[in-house]
Structures are given as structure tokens and as C-alpha cells.
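>>> Sequence and predicted model, in that order:
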Amino acid sequence: MTAITAYRGPLRTTDLYVDDTGGQGRPVVLIHGWPLHSGSWAAQVDVLHGAGYRVVTYDRRGFGRSDKPLVGYTYESLSDDLSALLEELDLRDVTLVGYSMGGGEVAAYCARKGVERIRSAVFAASVTPFMSTRKDNPDGPLGATDAAKMAAALTANQDAFYEQLMTDVYSVDGELKVDEEQRQEALRMCGDASKVAALACMAAFGGTDFREDLPKVTVPSLVVHGDRDTTVPFEGSGKRTHEALPDSRLHVIAGGPHGIPATHAGEFNEVLLKFLAEDFGKQQLV
């Protein structure tokens with residue numbers, strides 16, 4: 001465990017909690033979903049490290065063991081945090097794996113910082129390209145009324161909100177696809193989130209338009225999504241993300257809800273490892 005200073009200001013700094021397996025392998029940076037933290041990658045870290053990769057996870061600011069400032073929850077700031085991590089650890093030839101909200105960080109980083117350090121990218125159950133349902137985005141899966149209800153429910157009673165959310169994320173047709181111990185562990189991670197950060201990030205992933213960012217992800221990419229995802233539905237997100245990326249592969253997990261890194265860890269890891277092993281060579285776009 002280490003701490004990376006993502007922001008250094010006149011009054012205070014913002015440090016991120018980072019776990020780095022180390023080693024000489026190619027780096028894979030795992031970016032967690034909302035409102036969890038890096039512990040949610042438990043089913044991936046040892047598998048990836050055992051396959052020879054250097055695995056780096058971190059807690060997004062405001063979540064887990066990272067600092068919890070009152071500000072800095074736009075994708076501009078969050079992608080700056082990711083950039084600070086890559087620079088501090090001097091990571092190159094990196095595969096970025098963004099789950100759910102984390103997919104937005106992958107898109108925003110590549111669009112704003114370029115892909116010099118990046119080998120490839122993975123969008124897992126990602127909130128890209130644009131969640132909000134609007135006149136110019138009719139396929140966006142998140143209507144304004146539903147977004148307002150979510151924010152109100154989290155504000156009113158965060159424990160009840162997370163209880164329902166973690167059930168929905170890991171269920172298909174009301175049937176839980178992880179054991180209760182795993183769901184309870186996810187709830188404990190939710191409890192480590194700052195409510196300020198959770199609400200601000202909800203607004204960010206619900207209202208940020210990545211449609212112009214995705215074409216700038218000019219490295220080979222993998223889109224993984226469950227076809228039973230009711231939290232971030234495939235048709236409005238994964239399918240459109242795949243279509244918007246210049247060089248992407250698509251894998252749809254049959255029967256997969258939103259929480260596929262946990263509910264379908266075996267298939268998820270197999271697909272990820274296969275993608276990581278590809279020799280892209282000159283296929284990478286410039």
C-alpha cells in the first residue's frame with residue numbers, strides 16, 4: 001500500500017490510497033465502480049498478478065481509504081487523479097480497466113491526456129457514452145426523473161439506498177448472483193464512501209457526455225457488458241460504447257447483471273486475460 005498525492009494545493013493535498021503488486025510485468029490499472037473502492041477487484045487482482053501482470057488498484061478520491069475533499073468530483077479532476085498516479089509510478093504500456101463509473105475515467109483520461117502511456121483499454125459495464133436521456137441523446141438510459149429520485153434517496157437514507165443498490169447490482173430477476181457475504185462486503189465498501197463524494201459522482205457519471213471522448217481512445221479496446229444489466233443497460237451504454245470506439249472488441253456476458261466482475265468473475269477474467277495477451281503490434285491507431 002502506498003499513497004499518491006493527486007493534488008497539492010495551498011491549503012491541503014489530496015492523497016489516493018494505492019495498491020501495487022509490483023513486479024516486472026506489464027501494468028494493468030483497475031478503476032473501480034461507484035460507490036465501492038479498490039477492494040471490489042478482489043476476484044481479479046491475484047488472477048492477473050499470477051498471470052504475470054503488475055496490477056495497480058486505487059481508491060477514487062472520496063471513497064475507501066483515499067482522502068475525502070469537498071470538491072474535485074468532475075471527470076476532469078478524476079482523470080487528473082489517474083494521470084497523477086500513472087506519472088508518479090511512471091507506468092507505461094498500461095492497460096486501463098474501467099468498471100461502471102471507472103469507464104468514464106478511461107475515456108476522459110485518453111481524451112484529455114492522450115494515449116502515450118496507454119497500450120489498451122477495457123470498458124466493463126461502463127457508463128459511457130452518455131447516460132442522460134435528452135433530446136440529443138434519446139438512447140441515454142438514465143432519465144432526469146430517475147436521476148433525481150436516486151439523488152433524493154441517497155440524501156435521505158444512505159443505508160437504505162445502498163442496501164437496495166447492492167442487491168440490484170448483483171441480481172438478475174430478483175435472484176442474487178453472489179453469496180450474501182459478498183453482498184455484505186460490498187455494503188461495507190459503500191459505508192466507506194463520503195456522502196458528498198457519492199452525490200457529486202452520481203451527478204458526474206449521470207450527466208457527463210463522453211461521446212466526443214470515445215473516438216480519442218485510439219488504442220485497442222475491449223467492451224464487456226452483461227445482457228441483463230438493469231443498472232447501466234447494455235443497449236444504451238455498452239453497445240453504443242463499442243460502436244463509438246475506433247478499435248474495439250465486444251464481449252456480452254449472457255445472464256450478466258451490472259456487477260459482472262464479481263457475479264461472473266470466471267468468464268470476466270478469462271475474457272480480460274485473452275485480451276491482455278493479444279499482440280497488437282502495429283494495429284494500434286495513431
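Now that the structure is in, tell me what you want to look at.
>>> Please tell me how far the residue nearest the centre of the chain sits from residue 211.
The chain has residue 102 as the residue nearest its centroid, 2.1 Å off, counting by Cα atoms, centre = their mean. Using Cβ to Cβ, to the nearest Å, residue 102 is found at 18 Å from residue 211. C-beta: built from backbone N, CA, C; applies to glycine.
>>> What of residue 5?
Distance of residue 5 to residue 211, given as Cβ to Cβ: 32 Å.
>>> Can you show me the helices along this protein?
42-50, 75-88, 101-113, 144-156, 158-169, 180-191, 195-207, 238-244, 260-263, 265-277 (DSSP state H).
>>> Report how many residues lie close to residue 40.
Residues near residue 40, counting by other Cβ atoms under 10 Å, number 22.
>>> Under the pLDDT cut-off, which ranges of this structure? List them.
Applying pLDDT under 70 to the chain flags residues 1, 9-11, 281-286.
>>> ok, 80 please
Counting by pLDDT under 80, the chain has low-confidence residues at 1-2, 7-12, 280-286.
>>> burial measure for residue 257, as a count.
If you count neighbours by other Cβ under 10 Å, residue 257 ends up with 26.
>>> so it makes contact with residue 174?
No: the pair residue 257 / residue 174 is not scored as a contact, 10.9 Å apart, by Cβ atoms under 8 Å.
>>> okay, and the common contacts of the two?
Common contacts of residue 257 and residue 174 (Cβ atoms under 8 Å, 6 or more residues apart in numbering): none found.
>>> what's the distance between residue 168 and residue 178?
Per Cβ to Cβ, residue 168 is found 12 Å from residue 178.
>>> ok, the two, which is more surrounded?
Set residue 168 next to residue 178 and count neighbours by other Cβ under 10 Å: residue 178 wins out with 21 against 15.
>>> Tell me how far the more buried one lies from residue 221.
Using Cβ to Cβ, residue 178 is found at 27 Å from residue 221.
>>> ditto for residue 258
Counting by Cβ to Cβ - residue 258 and residue 221 are separated by 20 Å.
>>> Spit out the contact partners of the closest residue in space to residue 132 that isn't next to it in sequence.
Nearest non-adjacent residue to residue 132, counting by Cβ to Cβ, 6 or more residues apart in numbering: residue 140, 4.8 Å away. Contact partners of residue 140, counting by Cβ under 8 Å, 6+ apart, are 130-134, 236.
>>> For those residues, pick the one with the most neighbours.
Within the contacts of residue 140, most neighbours by other Cβ under 10 Å means residue 130, with 28 neighbours.
>>> Phi first, then psi, for that one.
Main-chain torsions, residue 130, degrees, to the nearest 10: phi -170, psi 110.
>>> Please tell me I have it right and it contacts residue 208.
Yes: at 7.5 Å, residue 130 counts as touching residue 208 under the criterion of Cβ under 8 Å.
>>> Would you list the phi and psi of the residue nearest to residue 132?
Residue 140 adopts backbone torsions of phi -60, psi 130, taken as degrees, to the nearest 10.
>>> Off-centre distance for stretch 239-248?
Relative to its chain's centre, stretch 239-248 lies at 17 Å (Cα atoms, centre = their mean, to the nearest Å).
>>> And for stretch 273-282?
Offset of stretch 273-282 from its chain centre (Cα atoms, centre = their mean): 21 Å.
>>> Stretch 100-116 now?
In terms of Cα atoms, centre = their mean, the centre of stretch 100-116 is found 10 Å from the chain centre.
>>> what do you get for stretch 213-222?
Mean-position distance between stretch 213-222 and its chain equals 15 Å (Cα atoms, centre = their mean).
>>> before we move on, what about stretch 223-232?
Its chain's C-alpha centre and that of stretch 223-232 lie 13 Å apart, by Cα atoms, centre = their mean.
>>> start to end distance for it?
13 Å (Cα to Cα, to the nearest Å).
>>> now what about that stretch, what contacts it?
For stretch 223-232, the external contacting residues (Cβ under 8 Å, 6+ apart) are 100, 122-127, 131, 141, 168-169, 172-173, 234, 237-239, 241-242, 245, 248-258, 260, 263-264, 268, 271-272.
>>> if we can go back for a sec, select, out of the helices of the chain, the one closest to residue 36.
Residue 36 lies closest, by Cβ to Cβ, to one member of the helices of the chain: helix 180-191, at 4.5 Å.
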